[in-house]
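Novice: Here you go, sequence then predicted model.
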There are 2 protein chains.
Amino acid sequence: MEAIKSSFPVYFNYQVQFTHGLFDKKNPLFVEIVQQASKQPSKLLWVIEQEVANSQPELTAAMDAYCQHHQLQQCGKPLVIGGGEAIKNDSSLLKSIYQAINEHGICRHSYIVAVGGGALLDMVGFAAATAHRGIRLIRVPTTVLAQADSGVGVKNAINYFDKKNFLGCFAPPYAVLNDFNFLISLPQRDWRAGMAEAVKVALIKDAEFFYYIQQQAQALTQRSMPAMQHLVRRCAALHAAHISGSGDPFEFGSSRPLDFGHWAAHKLEHLTAHRLRHGEAVAIGLALDSTYSYLAGYLAQNDWQQILATLQDLGFTLYVPELSQQLDKLEHPLNIFRGLREFQEHLGGELTIMLLEKIGQGKEVHTVDIALFQQAILLLKELR
Amino acid sequence: MEAIKSSFPVYFNYQVQFTHGLFDKKNPLFVEIVQQASKQPSKLLWVIEQEVANSQPELTAAMDAYCQHHQLQQCGKPLVIGGGEAIKNDSSLLKSIYQAINEHGICRHSYIVAVGGGALLDMVGFAAATAHRGIRLIRVPTTVLAQADSGVGVKNAINYFDKKNFLGCFAPPYAVLNDFNFLISLPQRDWRAGMAEAVKVALIKDAEFFYYIQQQAQALTQRSMPAMQHLVRRCAALHAAHISGSGDPFEFGSSRPLDFGHWAAHKLEHLTAHRLRHGEAVAIGLALDSTYSYLAGYLAQNDWQQILATLQDLGFTLYVPELSQQLDKLEHPLNIFRGLREFQEHLGGELTIMLLEKIGQGKEVHTVDIALFQQAILLLKELR
């Protein structure tokens, strides 16, 4: 009997908008976004990160006033929840979001508006993507990292079995609204950490952008807003262009160029029990994989040195003791190279690691030389 | 600052294959499917419905022999779990699948092979779609309903907060392998129940197919395999064609033609605490919405009578007391019309209900006359 062949595209599209003062009554952006699909008032469910609400006590009042002014239909008070990677381990938080969706009768044409850093967006995004098979998610990222990188993408996740992003799905947001004002009150550590992903995407895709960061390193660490706005916009644009232009936005294949430096970063976050922020771990991962690229003969010495110097100029630490603990015991749970296997297991298929050929150009490899990687770690340790 | 517009298609494709004896060593279908992406041996995790394993005690041995013969890499023994809608309420079963995925290092390029009825495929599908953001799922549906309808589609789900399919996502399978031999040992009740979805899709899309079912009603109830094979193949083809041809496979809009008869069916399953099988509830839903279509003047009397007679010829009951309990108390939790609101809440947007204009042609409406629906229920009660 003849087979049935089912073959179809699904079209996704969303905007990443940049603004100042998203909830100023006079700012039309938010109301335009929630009314673009329908003039009928749709329900809004707010989820806000505790730290954001604390550091901006006027925020929830401003949101409320904005909704009143524009006659938007809020569902109850905003859910205020914690932030940071730890919340992705706590399934009761996920359940509290499902509960609010159920209580307020939030449907697929309603909006969940998530205001916070990358971890909160990941977790709320997973709830939104799976309740009723997908509720519209508006991301309002409040950190450099989330505005420039994770908040722009098509993924969400929670942790499970102590494994980062073990559960999640691909679900493009309805819109991403980047309000630069959130960055003003950001702690210095988060301000810095977010820049690691910008260095990453510059290194694999855009040499000019790397040299911009190199040149502006001092201004960036001294919190120049114009420099940071450029960094966020450019990083977000490169990230979005990769997703829509790669031909594999939902990662059916094995290639994952945007994960340059990430196999070690994910493992380091775990090994340090999240003492390291994601961006801080990524900076170390970039340093490690760049050093390996140099030792393996792919990357010129001068490029390698510029990369390390720029990361240091931005204030990143490029070595932590967890990199070299149990270094020779490849099967030891605390050995960094277990991260390679977990990375492959998560992505599936052939091991595919992005390395560097030169600044602005990546190079994929499918095998690595562990002894050379061990050398790279020891070199980073010496360079401290 | 200029917005970034992210816009891209994601291409999905999968095959629905028909066969006899999927796990006969000489049948090349299964091995071809799991080797089409890569000649490298990929891991297989089996999940099998308890009742299927019980009724075919030789099945797991045959699968094992098939894998040995074709050198396929099985991960542990098959997980054998219950079936039926109740399993979708049990989150510990979902967790047991996640656990197996974790233990065996199942990755995105591995295969989860789910062998069972629609509820099992729904639940295993949700696990597969969310672990590592999506593992390849091969569906081996074992009931008429799953082979002809649910197993062919792009959805998965579990129940939550006592609501059907509250959690789920859109995730096309890797392949659907329909082995007609599974239907031979199917209990009569499941054999019959599965035909309701075929009547449904015929009524809204294909008059010729409806008249085929009408003509073959006796042969079908007397378990003619050729008649059933035609019914399964045609129903699956219409279902798949709708998904790929509708322009909205992931249901971003409000229109849901394939849900003809389903608002009442979902509610009845719940109100009867699953005493009714899904297909049995759908048959009642079809009778109800056809009767309403007739009373509202959309559908000719003769068409209406043929529909009811055909459903009865297939052996379906067209009325249960739960239809009319608390009939005038629209806010009572046991009132059937609460199902309309829940249907809208799940789908979101405007209320959109599919009715019938004539056999083979649906008609969408956005408002309904509850008094007329109450009349339709009383009419079905009388016709008993």
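Specialist: Yep, that arrived. Numbers count the residues shown, from 1 in each chain, chains lettered A, B, ... in the order given.

Novice: can you give me the helices for the stretch 201-350 of chain A?
Specialist: A:207-215, A:217-221, A:225-245, A:262-271, A:278-295, A:301-313, A:338-347 (DSSP state H, counting those that start in this stretch).

Novice: For A:Gly297, give its distance to A:Glu357.
Specialist: 10 Å (CB to CB, to the nearest Å). C-betas here are computed from N, CA, C, even on glycine.

Novice: between those two, which one's more packed in?
Specialist: Using other CB atoms under 10 Å in any protein chain shown, the more surrounded residue of A:Gly297 and A:Glu357 is A:Glu357, with 15 against 8.

Novice: So that one sits against A:Leu299, correct?
Specialist: Yes: counting by CB atoms under 8 Å, A:Leu299 is a contact partner of A:Glu357 at 6.6 Å.

Novice: re the thing from before, any idea which of the helices of the stretch 201-350 of chain A gets closest to chain B?
Specialist: Closest to chain B of the helices of the stretch 201-350 of chain A, according to CB to the nearest CB: helix A:225-245, at 3.9 Å.

Novice: hmm, the closest one touching chain B?
Specialist: Yes: under the criterion of CB under 8 Å from any CB of the partner chain, chain B is reached by helix A:225-245 at A:Gln229, A:Arg233, A:Ala236, A:Ala237, A:Ala240, A:Ile243, A:Ser244, A:Gly245.

Novice: Buried among those residues? Need that as a selection in PyMOL.
Specialist: In PyMOL, this line selects whichever of the residues of helix A:225-245 next to chain B come out buried by 16 or more other CB atoms under 10 Å in any protein chain shown:
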select buried, chain A and resi 229+233+236+237+240+243+244
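
Novice: would JSON lines of the residues of helix A:225-245 next to chain B with pLDDT be doable?
Specialist: Converted to JSON lines, those look like this (pLDDT from 0 to 100):
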{"residue": "A:Gln229", "pLDDT": "98"}
{"residue": "A:Arg233", "pLDDT": "98"}
{"residue": "A:Ala236", "pLDDT": "98"}
{"residue": "A:Ala237", "pLDDT": "97"}
{"residue": "A:Ala240", "pLDDT": "96"}
{"residue": "A:Ile243", "pLDDT": "93"}
{"residue": "A:Ser244", "pLDDT": "92"}
{"residue": "A:Gly245", "pLDDT": "91"}
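
Novice: about what we covered before: please identify the most buried of the helices of the stretch 201-350 of chain A.
Specialist: Mean neighbour count (mean count of other CB atoms under 10 Å in any protein chain shown) peaks for helix A:278-295 among those, with a mean of 26.

Novice: what's that helix packed up against?
Specialist: helix A:144-148, helix A:188-193, helix A:195-205, helix A:262-271, helix A:301-313, strand A:353-358, helix A:370-383 (3 or more CB pairs under 8 Å, 6 or more residues apart in numbering or on different chains; DSSP states H and E).

Novice: Now the terminal residues of stretch A:211-228, how far apart.
Specialist: 14 Å (CA to CA, to the nearest Å).

Novice: and it, average pLDDT?
Specialist: The average pLDDT for stretch A:211-228 rounds to 98.

Novice: what do you get for stretch A:48-62?
Specialist: What stretch A:48-62 shows for mean pLDDT is 96.

Novice: Distance from that stretch to the middle of the chain?
Specialist: Centroid separation for stretch A:48-62 versus its chain: 21 Å, with CA atoms, centre = their mean, to the nearest Å.

Novice: do stretch A:200-211 as well
Specialist: On CA atoms, centre = their mean, the centre of stretch A:200-211 falls 17 Å from that of its chain.

Novice: same thing with stretch A:321-336?
Specialist: For stretch A:321-336, the distance to the chain centre is 26 Å (CA atoms, centre = their mean).

Novice: got the contact list for it?
Specialist: A:264, A:267-268, A:271-272, A:284, A:288, A:337-338, A:370, A:374, A:377-378, A:380-381 (CB atoms under 8 Å, 6 or more residues apart in numbering or on different chains).

Novice: returning to what we had before: output the helices of the stretch 201-350 of chain A as a markdown table; include the columns distance to A:Ala53.
Specialist: Listed next are the helices of the stretch 201-350 of chain A as a markdown table, based on distance: least, CB to CB, whole Å:
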| stretch | distance to A:Ala53 |
| --- | --- |
| helix A:207-215 | 31 |
| helix A:217-221 | 27 |
| helix A:225-245 | 22 |
| helix A:262-271 | 25 |
| helix A:278-295 | 22 |
| helix A:301-313 | 32 |
| helix A:338-347 | 33 |
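
Novice: Can you work out which residues contact both of A:Glu357 and A:Leu299?
Specialist: With CB under 8 Å, 6+ apart as the test, A:Glu357 and A:Leu299 both reach A:Ser293.

Novice: Kindly calculate the angle that the lowest-mean-pLDDT helix or strand in chain A makes with helix A:370-383.
Specialist: Ranked by mean pLDDT, DSSP states H and E, the weakest helix or strand in chain A is helix A:338-347, scoring a mean of 83. Going by axes from the mean of the first three to the mean of the last three CA atoms, to 10 degrees, helix A:338-347 is angled at 120 degrees with respect to helix A:370-383.

Novice: what's helix A:338-347 packed up against?
Specialist: Partner elements for helix A:338-347 (3+ CB pairs under 8 Å, 6+ apart): strand A:163-170, helix A:262-271.

Novice: switch to 10 Å and redo it
Specialist: Counting contacts by 3 or more CB pairs under 10 Å, 6 or more residues apart in numbering or on different chains; DSSP states H and E, helix A:338-347 is packed against strand A:163-170, helix A:262-271, strand A:353-358.

Novice: Can I get the longest strand anywhere in chain A as CSV, trimmed to CA atoms?
Specialist: Ranked by residue count and defined by DSSP state E, the top strand of chain A is strand A:4-19. The C-alpha trace of strand A:4-19 is given here as CSV (Å, rounded to 0.1, in the frame of the first residue of the first chain):
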residue,chain,number,x,y,z
ILE,A,4,1.7,8.9,2.5
LYS,A,5,4.4,11.6,2.4
SER,A,6,3.8,14.5,4.6
SER,A,7,6.0,17.5,3.9
PHE,A,8,5.4,21.1,4.9
PRO,A,9,7.0,24.3,6.1
VAL,A,10,6.0,26.1,9.2
TYR,A,11,6.6,29.9,8.9
PHE,A,12,7.8,31.7,12.0
ASN,A,13,8.5,35.4,12.4
TYR,A,14,9.1,37.7,15.2
GLN,A,15,10.7,41.1,15.9
VAL,A,16,13.4,42.1,18.2
GLN,A,17,12.7,45.7,19.1
PHE,A,18,15.0,48.2,21.0
THR,A,19,13.6,50.9,23.1
